[in-house]
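[1] Turn this into a model:
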Amino acid sequence: MEKERRHHRRLDIRLPLECCPTSLGPERAVRTVTRNISTGGLYFEVDLLEDVAAPEVHSLLNIELRVPPGDGYFPYDGKVTSVAEVVRCSPTTPHEQRSPQAPTRVGVGARFREPLTLVF
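    Numbers count the residues shown, from 1 in each chain. Take a look at the predicted model:
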């Protein structure tokens, strides 16, 4: 069995996510949901539309996560922001299995480059 290389425990949690390259403005943000998240980074999938390119490895993304209120951890609706570096970006479906009409779906793994900031 291969040894786990991750330094942070991942939580399989779906949180609304907006992200965009740091070189572009928030009007170019892509909306999706996380697949999992840890204190070190996150993983999400996104459909690439005609005018949206896949994030490049080592590129930086402005990240904004919506955090719903919940008993025992946070009484208010809020958001968490950070900058993350793309460490992995690859199609989720092999090319030969994709429908020609369907947009390409990519999975993105990103590592937080700045501490998470909680915004009310």
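
[2] Show residues contacting the longest strand along the chain.
    With DSSP state E applied, the strand covering the greatest number of residues in the chain is identified as strand 78-91. Taking Cβ atoms under 8 Å, 6 or more residues apart in numbering as the criterion, the residues outside strand 78-91 that touch it are 19, 22, 41-42, 54-67, 98, 104-120. Where you see a C-beta, it was placed from the backbone N, CA and C, and this is true even at glycine.

[3] which of those are buried?
    19, 41-42, 55, 60-65, 67, 106, 108-110, 112 (16 or more other Cβ atoms under 10 Å).

[4] For those, work out which two are farthest apart.
    Greatest spatial distance among these (Cβ to Cβ): 67 and 106, at 24.4 Å.

[5] what stretches of the chain score poorly on pLDDT?
    Applying pLDDT under 70 to the chain flags the ranges 1-7, 51, 73, 94-102.

[6] cutoff 90 now
    With pLDDT under 90 as the threshold, the chain has low-confidence stretches at 1-11, 23-30, 47-55, 67-78, 91-105, 118-120.

[7] Which element, helix or strand, includes the spatially most central residue of the chain?
    For the chain, the residue whose C-alpha lies nearest the mean C-alpha position (Cα atoms, centre = their mean) is residue 44; its distance is 4.2 Å. Element membership of residue 44 [criterion: DSSP states H and E] is strand 41-48.

[8] Can I get that strand in CSV, CA atoms only?
    C-alpha atoms of strand 41-48 as CSV (Å, rounded to 0.1, in the frame of the first residue of the first chain):
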residue,chain,number,x,y,z
GLY,A,41,-5.7,23.5,-0.3
LEU,A,42,-8.8,22.4,-2.2
TYR,A,43,-10.0,20.4,-5.2
PHE,A,44,-12.9,21.3,-7.5
GLU,A,45,-14.2,20.5,-10.9
VAL,A,46,-15.4,23.0,-13.5
ASP,A,47,-16.8,22.9,-17.0
LEU,A,48,-14.8,24.9,-19.5
